[in-house]
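Peer 1: Sequence first, predicted model second:
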Amino acid sequence: MCLAIPAKVISVTGSNALVTIEDIEYQASLLLLDDVHPGDFVMLHAGFAIGKVDREEAAETLRLLNEIANNSPA
């Protein structure tokens, strides 16, 4: 099973982007996507941006992931 996490693009340099997930910054490859700009939201999997999503979908996905994490047994 694969898990992709929504991330906000902070900056783009060539085929790489600086992205943030809940205030933590990561480097992401943009080799699989075209037309990505600062302010966009992407789905991040294994260091690769694999799709673009809108702000609302990104927020809802993060909310659900946090809910799952907070309700899972220790």
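Peer 2: That came through, no problem.

Peer 1: May I ask which helix or strand of the protein has the lowest mean pLDDT?
Peer 2: Within the chain, confidence by mean pLDDT, DSSP states H and E is lowest for helix 55-71 among all helices and strands, at a mean of 92.

Peer 1: What is that helix packed up against?
Peer 2: For helix 55-71, the packing partners by 3 or more Cβ pairs under 8 Å, 6 or more residues apart in numbering; DSSP states H and E come out as strand 5-13, strand 41-45. The C-beta positions use only the backbone N, C-alpha and C, and glycine is treated the same way.

Peer 1: same thing but at 7 Å, please
Peer 2: strand 5-13 (3 or more Cβ pairs under 7 Å, 6 or more residues apart in numbering; DSSP states H and E).

Peer 1: Which elements pack onto the next helix or strand after the strand it packs on?
Peer 2: Downstream of strand 5-13, the first helix or strand assigned by DSSP states H and E is strand 16-21. If you count contacts as 3+ Cβ pairs under 7 Å, 6+ apart, strand 16-21 packs onto strand 5-13, strand 24-29.

Peer 1: pretty sure Pro38 belongs to a strand, no?
Peer 2: No. Assigned with DSSP: H, G, I helix; E, B strand; the rest coil, Pro38 falls outside any strand and is coil.
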